[in-house]
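Asker: have a look at this prediction, sequence included:
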Protein chains: 4
Amino acid sequence: MRTFRLVIACPDGIGIVAKVSNFLATYNGWITEASHHSDSHSGWFFMRHEIRADSLPFDLDGFRQAFTPIAKEFSMEWRITDSACRKRVILMASRESHCLADLLHRWHSGELECDIPCVIANHDELRSMVEWHGIPYFHIPVEPACKSEAFAAITRLVREQSADAIVLARYMQILPATLCQEFAQRVINIHHSFLPSFVGAKPYHQASLRGVKLIGATCHYVTQELDAGPIIEQDVVRVSHRDRIEDMVRLGKDVEKMVLSRGLRYHLEDRVLVHDNKTVVFD
Amino acid sequence: MRTFRLVIACPDGIGIVAKVSNFLATYNGWITEASHHSDSHSGWFFMRHEIRADSLPFDLDGFRQAFTPIAKEFSMEWRITDSACRKRVILMASRESHCLADLLHRWHSGELECDIPCVIANHDELRSMVEWHGIPYFHIPVEPACKSEAFAAITRLVREQSADAIVLARYMQILPATLCQEFAQRVINIHHSFLPSFVGAKPYHQASLRGVKLIGATCHYVTQELDAGPIIEQDVVRVSHRDRIEDMVRLGKDVEKMVLSRGLRYHLEDRVLVHDNKTVVFD
Amino acid sequence: MRTFRLVIACPDGIGIVAKVSNFLATYNGWITEASHHSDSHSGWFFMRHEIRADSLPFDLDGFRQAFTPIAKEFSMEWRITDSACRKRVILMASRESHCLADLLHRWHSGELECDIPCVIANHDELRSMVEWHGIPYFHIPVEPACKSEAFAAITRLVREQSADAIVLARYMQILPATLCQEFAQRVINIHHSFLPSFVGAKPYHQASLRGVKLIGATCHYVTQELDAGPIIEQDVVRVSHRDRIEDMVRLGKDVEKMVLSRGLRYHLEDRVLVHDNKTVVFD
Amino acid sequence: MRTFRLVIACPDGIGIVAKVSNFLATYNGWITEASHHSDSHSGWFFMRHEIRADSLPFDLDGFRQAFTPIAKEFSMEWRITDSACRKRVILMASRESHCLADLLHRWHSGELECDIPCVIANHDELRSMVEWHGIPYFHIPVEPACKSEAFAAITRLVREQSADAIVLARYMQILPATLCQEFAQRVINIHHSFLPSFVGAKPYHQASLRGVKLIGATCHYVTQELDAGPIIEQDVVRVSHRDRIEDMVRLGKDVEKMVLSRGLRYHLEDRVLVHDNKTVVFD
């Protein structure tokens, strides 16, 4: 069922819901899902509606035109999206296959509603797996000597492909600040620790050294500060003294896959709103 | 902060949210929490608003009067409650103390917003613990020969105390059908299994016999059919071959306490709506 | 590192561990992992050792010969396996790809230590995915009219391939009793519910109807009684009123994959001992 | 059933298990539980046996005398304890009652096998609750001006009471280094975050600020470095944007209670071995 998704963040106040729901009722909008959140700390209000597209007399532009006065009245940051316009998501990977294979399978079996115009990797190992799915594979090595050329090529490619989002499926390279800025809130990373614990390299080694009893993974938007962007989703798995680092790596992979795929799904369905380096996730 | 809670269930349709939120906006109602659910399977719509009481020009009766036309228009099953009117909850127990002690501590430390007019038990062991909390303790034995007298006494007591809810904190006796009916959707039980597995007596023995790898607990409204009422909350804990039945009992107690206290909290805050023997829980 | 796995079940008694560990110490066996379980209920004792193969002066046959007197003395049911002899596992599937894709990826990336001589399916949809992994795919339809021929063909194939185990990766067909018996404790099924709840067909529909707050999956050995064999592993995921049946199916897939792959891994590493329709899992 | 618990840590090598189990078999020791762990990283070996006391011809001193040669041969750090000698545990608290009430109830209902000679608190609020349990309550204020006197009094009391362990049940004061040293690996703290995230004060505020999706609690032995001692147990609970700091505090309390009581239980049953600032927990 095709839906429009109306996503709003604005300073809290009386009458916002009434105004928006009146607007939708006036045009006979059939709301299939509605979520609200009033953040008493920041004084902001967040709202997401999913509306049957065929119940409205608008296309997206028509909706935007009609809704703009309300948006202005309440100083809304807002967007309206169409579930039929699948987002274009570029996946970036390195050598580790688990997150990439998981996302590709979910996409291939129809669970992840997006287009994947290409995969970009700094190694060539995963080419065959990607190409079996009918997706172009670009091998762009990122050597210390040619880093800026590599990222220039990546940036070109991302622009050419009109990507709506970039997913770092264990890409293991730090993106340049310019790319983070250009794609703010659209670059999604999976970090293999329960942030803010174990920022940076080799988190499972850090976890083993500290002797923690749970390890985790964190899906977050990439910002210029390493592993410090808004967190979309996290989860953990129990470990014990019996688990060596290689066991943690193995157990962690399953958490990484699950957390990344959930986080990406929330993003694709416009369920994530970012405010003050934190997220509201209307799951 | 004192709030009114407006809880609505009705056949789904267009304009319900608009009508309700218009109503609230017209009277300058400050919504602190709003939840909606549209059940595509049953075609019903569920809604809960929490509104700052001091933002409205009504008391509960005034609200009821003003809102009734809307409720009629949409054939709503609805209620409005006042967070300042604490529900009166009678706890019923037997010999096992863990659920009762847990609820009493939560109440005593201010976490559970309700009044506890009394505790009724079919044994006398827990009297001192209850009376330390300043709560009257009624010991009403339920022997096979005098069952109907016992439950007649209990029913009288429950009515005298104007109980809003009855919590069976491991009470271990089956309530008579008349009491279940009189207090429909207001008698809350904790069953020590992950229903619908292991209905009836000795669920941990049943679980051990079947060799399950997780055991659980279920908080549900009591209906006339044993352990078959609408489920409010459930949870599980991992067990292994190392856990004997007595270990399962011990591990299970923690799940029972957690699940019952969460379920009761949802009930007290008017977060649970029942439809077709299932619950919508706006947590 | 190549290891031998010594797995023992016997009536409990004094001196078993001493006898076994003496035996191993006499031959300078380097124990890398040791697990014991004394079941006070059944009076049985269970034991698993993992020993560095290069520390022992035996091959498997030599070990068997040397150990047999001890095994006889204590009436042991026992086996010794060699981690270098990868088990031959036949996967059986239908149309649903998630469990099969998950197992294939784990195998392909080296996480699952086994050989997969072939995949057998009653539909042809998953052929290309399987063949990309370099694994033969046998499409054996199971129509009502030709069921016995189909299972005769399957039995022949399984014997020809010298399968050590059969994994029903959402195969959706009931195996004939003869095959269950011939491969007792070697046919592993994933059932898409938290058994013993929701035995049989359409468990997610049953779960939705009952309004449970968690759904689960169960990995078990197949016996002649449907969904009643010894449970190897289980897990659950939280659902709410917002989750329609199709959401439960989607959420459940992730639990099914995880539970099946964990259960299979335990089986492949000889960590599962069956006694009285229950399992001891030395994880 | 009265048992002896033999707990051993030593450099790994061949023949340790054989020697120990021979020793036990020679004296007809009936082993009810045996756990082993070989840490390949540190090259250490850890072992715990639980043996029926009535099966052995020794008291603890007799056992120690007989076992000492083996312990010397393998350079063991070891201890033997008697389940009938209940450990003496002093609880320390401040104003927050949830952890204290939970431990007291578990003790009172027979779940926690220990003696509680007294409770020490820097406030007087919890006196009545403690005294209802028949346990002496010492109110020792810890004001900035008299900190050293306060801790001198506490140290005297702890020595007088022959405490085997000290539990900081949300005590909220930093113990002096001398006390930490004197009671090394016997002071157990509950920290209200998933360490190493959010060390120090107000972890829930820190968690809210960072926007994490899970909050946790950590039970650890106290060392001189704040919140950096060996971790015994951890757990987490899911939170969302809907949870304000006060909700996190409420949800966190349940995790704190569970994690502390589990950690203490492991300690009381001699299931925790410390090595290199990490723990082996034979649960």
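Answerer: Yes, it's here. Residues are numbered from 1 along each chain as shown, chains lettered A, B, ... in the order given.
Asker: from now on I want contacts and neighbour counts done on CA atoms only, so please keep to that.
Answerer: Noted.
Asker: any idea how far chain D is from A:Tyr171?
Answerer: When distances are taken as CA to the nearest CA, to the nearest Å, A:Tyr171 and chain D turn out to be 23 Å apart.
Asker: alongside chain B, which residues does the stretch 1-150 of chain A contribute?
Answerer: Residues of the stretch 1-150 of chain A found near chain B, taking CA under 8 Å from any CA of the partner chain as the criterion, are A:13-15, A:17-22, A:24-25, A:28-38.
Asker: does stretch A:206-221 come close to chain D?
Answerer: Yes - part of stretch A:206-221 sits close enough to chain D to count as contact by CA under 8 Å from any CA, namely A:209-214.
Asker: mean confidence score for that stretch?
Answerer: Stretch A:206-221 shows a mean pLDDT of 97 in the predicted model.
Asker: quick one: it to chain centroid distance?
Answerer: Shown here is stretch A:206-221, whose average C-alpha point lies 21 Å from the average C-alpha point of the whole chain (CA atoms, centre = their mean, to the nearest Å).
Asker: just the buried residues out of the residues of stretch A:206-221 next to chain D, in PyMOL syntax.
Answerer: Selecting the buried subset of these in PyMOL, with 16 or more other CA atoms under 10 Å in any protein chain shown as the burial test, is done by:
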select buried, chain A and resi 210+211+212+213+214
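Asker: tell me if stretch A:104-114 is near chain C.
Answerer: Yes - in this structure, stretch A:104-114 sits against chain C according to CA under 8 Å from any CA; the contacting residues are A:105, A:109, A:111.
Asker: now which of those residues would you call buried?
Answerer: The neighbour-count criterion (16+ other CA under 10 Å) marks A:His105 among these as buried.
Asker: in a markdown table, list the residues of stretch A:104-114 next to chain C along with pLDDT and secondary structure.
Answerer: Shown next, in a markdown table, are those (pLDDT from 0 to 100; DSSP: H, G, I helix; E, B strand; the rest coil):
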| residue | pLDDT | secondary structure |
| --- | --- | --- |
| A:His105 | 98 | helix |
| A:Ser109 | 97 | coil |
| A:Glu111 | 96 | coil |
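Asker: quick one: which of the residues of stretch A:104-114 next to chain C is nearest D:Met76?
Answerer: Within the residues of stretch A:104-114 next to chain C, the smallest distance to D:Met76 is 51.7 Å, found for A:His105 (CA to CA).
Asker: can I assume that closest one is in contact with C:Leu104?
Answerer: No - proximity of A:His105 to C:Leu104 does not meet the contact threshold set by CA atoms under 8 Å, at 11.5 Å.
Asker: narrow the residues of stretch A:206-221 next to chain D to those in strands?
Answerer: The subset of these located in strands under the criterion DSSP state E comprises A:Leu214.
Asker: from the residues of the stretch 1-150 of chain A next to chain B, which would you call buried?
Answerer: The neighbour-count criterion (16+ other CA under 10 Å) marks A:14-15, A:17-22, A:24-25, A:28-38 among the residues of the stretch 1-150 of chain A next to chain B as buried.
Asker: list the contacts of A:Ile188.
Answerer: Neighbouring residues of A:Ile188 by CA atoms under 8 Å, 6 or more residues apart in numbering or on different chains: A:165-168, A:219-222, A:264.
Asker: got the phi/psi numbers for it?
Answerer: Per-residue torsions, A:Ile188: phi -110, psi 130 (degrees, to the nearest 10).
Asker: strands of the stretch 51-200 of chain A, start to end?
Answerer: Counting by DSSP state E, counting those that start in this stretch, the segments of the stretch 51-200 of chain A that form strands are A:77-82, A:87-93, A:114-115, A:119-121, A:137-139, A:165-168, A:187-191.
Asker: export those strands to TSV and tack on distance to D:Leu157?
Answerer: Written out in TSV, the entries for the strands of the stretch 51-200 of chain A read as follows (distance: least, CA to CA, whole Å):
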stretch	distance to D:Leu157
strand A:77-82	61
strand A:87-93	60
strand A:114-115	67
strand A:119-121	64
strand A:137-139	69
strand A:165-168	57
strand A:187-191	48
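Asker: need the winner for burial among those.
Answerer: strand A:187-191 (a mean of 27; mean count of other CA atoms under 10 Å in any protein chain shown).
Asker: now the angle between strand A:87-93 and that strand, please.
Answerer: Strand A:187-191 and strand A:87-93 meet at an angle of 40 degrees, taking axes from the mean of the first three to the mean of the last three CA atoms, to 10 degrees as the criterion.
Asker: what pairs with strand A:187-191, and is each one parallel or antiparallel?
Answerer: strand A:165-168 (parallel), strand A:214-221 (antiparallel) (DSSP bridges).
Asker: now render those strands as JSON lines, adding distance to A:Val255.
Answerer: As requested, the strands paired with strand A:187-191 are arranged in JSON lines below (distance: least, CA to CA, whole Å):
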{"stretch": "strand A:165-168", "distance to A:Val255": "15"}
{"stretch": "strand A:214-221", "distance to A:Val255": "6"}
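Asker: in this structure A:Thr32 contacts A:Ala53, no?
Answerer: No - taking CA under 8 Å as the definition, A:Thr32 is not a contact partner of A:Ala53, at 10.4 Å.
Asker: ok, the spatially closest residue to A:Leu100 that is not a sequence neighbour to A:Ser97 distance?
Answerer: Closest residue to A:Leu100 apart from its sequence neighbours, by CA to CA, 6 or more residues apart in numbering or on different chains: A:Ala169 at 5.8 Å. A:Ala169 sits 9 Å away from A:Ser97, taking CA to CA, to the nearest Å as the criterion.
Asker: could you do A:Arg2 as well?
Answerer: In this structure, A:Arg2 and A:Ser97 are separated by 33 Å, where distance is defined by CA to CA.
Asker: more neighbours: those two, which one.
Answerer: Between A:Arg2 and A:Ser97, counting by other CA atoms under 10 Å in any protein chain shown, A:Ser97 is the more crowded of the two (19 against 13).
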